[in-house]
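# I'd like to go over a predicted model; first the sequence, then the structure.
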Amino acid sequence: MSMTLILTGCKTQKDPAVKAAIEAEEQMEFDMAVKALNERDFVLEADRITFKYGRYAYVTPNTNFISMSGDKATIQLAFNSPYAGPNGIGGITVDGTASNVKIQTDKKGNITYSMAVLGSGVSATVTFRMAQGSNKCTATVNPNFRSNPITFSGILYPKSESSVFKGTLF
């Protein structure tokens, strides 16, 4: 259990020492996430998926993710439904090669990370956005041949800290 979860439950949240401890932990998690982005070895575990026109669904983070390892990227959606889907867990899993990777930091320290992903089941641009001081992240998958963007919202982890379950490939 992270210190943030323990300390946020305290009644002394307004205590400057507690607040400083929470901010220090969040900054450490942010720094680890930025390092993982730079090393191209990360996983965004999504707990919410937003579709075109703002419709959204809450999902299970260990089966809904975007990951990158070197130049290989995986995008997986899996909904809790009785239908197994192409990946065997209620959705779709696609692998591709990442290229045109760019990372930018604005004046406030917010991170924008973009890449093109091309594979047998995917051709899309993926753009990650992460605010300074937090590893909470959104990633928008913009297909190159359709106008149905999907946004994954969740926590970005180094791949070694993640516990995702990958379904069968599409």
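Structure's in. What do you need?
# would you mark the buried spots in stretch 150-170?
Neighbour counts using 16 or more other C-beta atoms under 10 Å place 150-158, 161-162, 164, 166-167, 170 of stretch 150-170 among the buried residues. Where you see a C-beta, it was placed from the backbone N, CA and C, and this is true even at glycine.
# typed the wrong thing, it's stretch 138-145
138, 139, 140, 141, 142.
# stretch 116-132 now?
Applying 16+ other C-beta under 10 Å to stretch 116-132 flags 116, 117, 119, 122, 124, 126, 127, 128, 129, 130 as buried.
# looking at the buried residues of stretch 150-170, which is nearest residue 37?
Nearest to residue 37 among these: residue 156, at 7.5 Å, using C-beta to C-beta.
# please tell me how far that closest one sits from residue 44.
5 Å (C-beta to C-beta, to the nearest Å).
# hey, what's in contact with both of these two?
Residues touching both residue 156 and residue 44 by C-beta atoms under 8 Å, 6 or more residues apart in numbering: 128, 137.
# can you name the two of the buried residues of stretch 116-132 that are farthest apart?
119 and 130 (24.2 Å).
# for the nearest residue to residue 145 once chain neighbours are set aside, give me its contacts.
Spatial nearest neighbour of residue 145, excluding adjacent residues (C-beta to C-beta, 6 or more residues apart in numbering): residue 123 at 6.3 Å. Residue 123 makes contacts with 96, 117, 143, 144, 145, as judged by C-beta under 8 Å, 6+ apart.
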